[in-house]
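Peer 1: Fold the following, please.
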Amino acid sequence: MPADSKYVTVSPKALAIIRNLQDKAGVMATICRVLDYQNELTTGFIQQNMLSGPGKRDITTLAVVTGLLRRSAHPVKAQNFGGMILSGIGSNVRYAGPHEFGFEGDVNVPEHTRRNSIQDRFDFAGLAVNRFTALRLGILSKKQASQDVQASGKYVFAKKKAKQVVTGGTITVSAYSMHMRITARHCFQRGIEARLSAYGPALTSAIVKQWGQN
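Peer 2: Numbering: from 1, shown residues only. You can find the predicted model right below:
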């Protein structure tokens with residue numbers, strides 16, 4: 001973690017118990033249990049506050065597009081490796097890293113197919129009008145327009161979907177290379193740091209409760 005990151009601290013009483021206690025394995029097991037519980041809470045905090053942003057992305061949150069990244073956030077079970085405990089929170093979605101730490105470079109996009117929405121036709125008083133005309137007439141709902149079109153502020157949208165009378169087919173897009181720049185948002189790191197102050201008291205409480213009267 002960066003040098004300016006915060007750290008978990010426990011009370012002097014809890015530290016004294018740990019130093020003098022013979023049940024080291026028991027302490028480690030308790031620390032792992034508390035970390036697992038707190039990481040579950042932190043994961044939920046990250047999902048709700050860092051990965052559920054509005055339609056337009058900003059520098060502090062990520063917008064929900066498919067929900068895959070938000071659903072993939074999960075805690076890693078704490079484990080004791082000879083007195084060193086490792087735990088964490090992360091995601092197995094491949095684009096989680098670029099969004100967390102940032103990325104700039106060339107990316108090769110393989111050949112693929114996509115739906116040709118330009119060929120869609122919508123009913124307007126018995127006439128089949130194209131997508132652009134339908135947008136200008138205001139007969140499309142927001143669900144029938146892309147996020148970019150919605151964010152442009154150029155169009156008024158209907159409450160109900162327009163009847164689609166022709167569905168565009170698919171087109172093949174040749175492989176190409178593109179330069180990408182993704183801003184580092186540190187959603188996971190900032191979520192962890194926002195809840196870090198809860199870890200110390202939770203660890204202190206568990207240790208003192210279990211061994212403080214011994």
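Peer 1: Count the residues that sit near Gln79.
Peer 2: By other C-beta atoms under 10 Å, the residues close to Gln79 number 12. C-beta here means a position set from N, CA and C on the backbone, and glycine is covered the same way.
Peer 1: actually Leu35, not the one I typed
Peer 2: 24.
Peer 1: element containing it?
Peer 2: Using DSSP states H and E, Leu35 maps to helix 24-49.
Peer 1: Give me the buried positions along the following helix or strand past that helix.
Peer 2: Note on helix 24-49: by DSSP H and E, the next helix or strand toward the C-terminus is helix 68-72. Neighbour counts using 16 or more other C-beta atoms under 10 Å place 69-70 of helix 68-72 among the buried residues.
Peer 1: swap in stretch 105-119?
Peer 2: Of all the residues in stretch 105-119, not one is buried under the rule 16+ other C-beta under 10 Å.
Peer 1: So for the helix holding Leu35, mean pLDDT?
Peer 2: In this model, helix 24-49 carries a mean pLDDT of 95.
Peer 1: Check stretch 99-113 too.
Peer 2: Mean predicted lDDT for stretch 99-113 stands at 95.
Peer 1: Then stretch 127-136?
Peer 2: Stretch 127-136 comes out at a mean pLDDT of 94.
Peer 1: Work out the gap between it and the centre of the chain.
Peer 2: 36 Å (C-alpha atoms, centre = their mean, to the nearest Å).
Peer 1: Any idea how far apart the tips of it sit?
Peer 2: Using C-alpha to C-alpha, to the nearest Å, the end-to-end distance of stretch 127-136 comes out at 15 Å.
Peer 1: Many thanks, we can stop here.
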